[in-house]
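Chemist: Got a predicted structure plus its sequence, pasted below:
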Amino acid sequence: MVNDFLESLVSEATKKSYKKGLAKFEEYFGKEVKFLLKEKEPGKVIEKFYVWLRKRYSQNSCRALVNPIIQYCKYNNIEPRIRKALGIYRSTITTRDYVLQVSEAQEMYNVGSLEEKVMVKTWLLGLRIGDACRLKWQWFNLGEVTEEPKEVLIHTKKEGIVAHCFIDEEFQRLLKKHLPNLDQNNPYLFQSEKGGYLSERQLLRKLQSLQKRAHIDSRGKNFGWHIARKLFLRTCAENGISVWNAKQMIGKAIPRSDDTYVHNARLAVDAKKVLNVLKMEPSRSNGRVTNLQQAMDLVLKVLRKMIVKELTTEGYGEGMLGVIRDYSRLTYKEIMEEYLKES
């Protein structure tokens with residue numbers, strides 16, 4: 001019965017984690033987990049197991065060890081009643097993972113090959129590594145490149161829901177170059193030399209190799225695939241994007257009551273906000289002023305040219321003994337001060 005439960009799990013990583021939780025429960029319970037199903041109130045047994053764990057492990061570890069027991073009960077059509085106040089599913093902030101910055105992702109992107117650039121852009125979509133390594137290239141064969149992001153729906157493996165991923169112009173251009181280089185008989189975006197897709201370990205190794213070449217020091221913290229998922233969610237929060245829209249974009253489960261609401265939500269609008277922050281290349285302005293700093297730089301250049309011309313024409317540029325002053329060495333501020341002094 002336990003083996004049937006484990007075999008029903010799609011992810012090998014989840015299976016491994018659940019085995020650990022089941023073993024720990026049997027250590028506490030003193031008998032096989034199948035006997036939990038015969039208990040009159042299995043929820044109370046699970047609560048006591050959680051309290052026992054809390055004396056030994058962190059909150060996040062306790063949650064990971066208890067969840068397999070709850071899911072095992074549900075698999076066997078038993079819904080354990082557990083007090084919410086106990087906080088079994090509460091998460092605490094961990095300091096083990098490296099906090100990725102956008103500028104560091106840009107550094108990795110800049111030193112990468114075309115294939116590695118595609119990997120970085122995929123990484124920044126916020127998908128789990130298990131979903132990323134199984135992506136199929138045909139899903140990204142998006143036709144002509146457009147300024148507007150294009151939506152790609154990815155059915156996630158672990159949570160069994162759809163991730164609404166948006167592919168910006170930058171990523172579209174990369175894919176346009178990269179897809180023709182792939183083995184067209186292999187359906188996967190990240191292809192193994194032996195056929196099929198790269199394993200999670202292989203894909204992570206490629207990412208960490210790129211990290212080293214970009215000279216990014218993780219200072220002993222875990223530089224895993226998951227840190228880009230956290231960066232995506234952090235970027236959403238910083239740009240005022242609702243939690244449920246953020247979760248929809250990375251394929252993270254949300255309550256069914258909220259699912260009805262976000263079905264018609266304008267995810268594309270929120271996606272553009274995130275994608276603008278997570279750009280890897282300088283913006284292409286096409287000659288147009290794109291922000292206040294560029295506008296100010298342009299105004300200062302025009303003023304400098306006008307002032308230097310007037311100073312030179314009026315003869316203000318002659319210093320002592322008739323030597324022409326070199327205005328090219330002066331800052332914008334110094335030139336304006338000189339003009340105001342002479343006028």
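Modeler: Thanks, I have the structure now. Numbering: from 1, shown residues only.
Chemist: residues contacting the closest residue to Ser199 other than its chain neighbours?
Modeler: Closest residue to Ser199 apart from its sequence neighbours, by C-beta to C-beta, 6 or more residues apart in numbering: Cys133 at 6.7 Å. Every residue, glycine included, has its C-beta placed from N, CA and C. Cys133 sits next to Tyr188, Phe190, Tyr197, Leu198, Ser199, Glu200, Gln202, Leu203 when contact means C-beta atoms under 8 Å, 6 or more residues apart in numbering.
Chemist: Let me have those residues in CSV, adding pLDDT, distance to Leu125 and secondary structure as columns.
Modeler: Output for the contacts of Cys133, formatted as CSV (pLDDT from 0 to 100; distance: C-beta to C-beta, whole Å; DSSP: H, G, I helix; E, B strand; the rest coil):
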residue, pLDDT, distance to Leu125, secondary structure
Tyr188, 97, 16, strand
Phe190, 97, 13, coil
Tyr197, 96, 16, strand
Leu198, 96, 16, coil
Ser199, 94, 19, coil
Glu200, 94, 16, helix
Gln202, 96, 19, helix
Leu203, 97, 13, helix
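Chemist: want to try CSV for these, with distance to Glu79 as columns?
Modeler: Listed next are the contacts of Cys133 as CSV, based on distance: C-beta to C-beta, whole Å:
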residue, distance to Glu79
Tyr188, 38
Phe190, 39
Tyr197, 37
Leu198, 39
Ser199, 36
Glu200, 32
Gln202, 40
Leu203, 37
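Chemist: Torsion angles phi and psi at Arg83?
Modeler: In terms of degrees, to the nearest 10, the main-chain angles of Arg83 are phi -70, psi 130.
Chemist: what number of residues lie near it?
Modeler: A total of 10 residues lie near Arg83 under the criterion other C-beta atoms under 10 Å.
Chemist: That one and Ile46 touch, don't they?
Modeler: No: look at Arg83 against Ile46 with C-beta atoms under 8 Å: they stay out of range, at 10.4 Å.
Chemist: circling back: from Lys252, how far out is the residue nearest to Ser199?
Modeler: Taking C-beta to C-beta, to the nearest Å as the measure, Cys133 falls 18 Å from Lys252.
Chemist: can you give me phi and psi for the residue nearest to Ser199?
Modeler: phi -70, psi -20.
Chemist: Determine which two of the contacts of Cys133 are furthest apart.
Modeler: Longest distance between any two of the contacts of Cys133 is 13.0 Å, between Tyr188 and Glu200; criterion C-beta to C-beta.
Chemist: Give me the residues contacting stretch 66-76.
Modeler: Outside stretch 66-76, the residues that touch it by C-beta under 8 Å, 6+ apart are 1-2, 5, 8, 17-22, 25, 33, 36-37, 42, 46, 49-50, 53, 79-80, 82, 88-89.
Chemist: Write a ChimeraX command that selects only the buried members of those.
Modeler: The buried residues among the contacts of stretch 66-76 can be selected in ChimeraX (16 or more other C-beta atoms under 10 Å) with this line:
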select :2,5,17,18,21,22,25,33,36,42,46,49,50,53,80,82,88
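Chemist: which element follows the lowest-mean-pLDDT helix or strand in the chain toward the C-terminus?
Modeler: For the chain, counting by mean pLDDT, DSSP states H and E, helix 256-262 ranks last in confidence among helices and strands (a mean of 52). Where DSSP states H and E defines the elements, the next helix or strand beyond helix 256-262 is helix 267-277.
Chemist: Give me the buried positions along that following helix.
Modeler: For helix 267-277, burial by neighbour count (16+ other C-beta under 10 Å) applies to Leu267, Asp270, Ala271, Val274, Leu275.
Chemist: Quick check, Gln106 in contact with Met280.
Modeler: Yes: judged on C-beta under 8 Å, Gln106 makes contact with Met280 at a distance of 5.4 Å.
Chemist: Settle it for me: which of the two has more neighbours?
Modeler: Of the pair Gln106 and Met280, Met280 is the one with more neighbours under other C-beta under 10 Å, namely 20 against 16.
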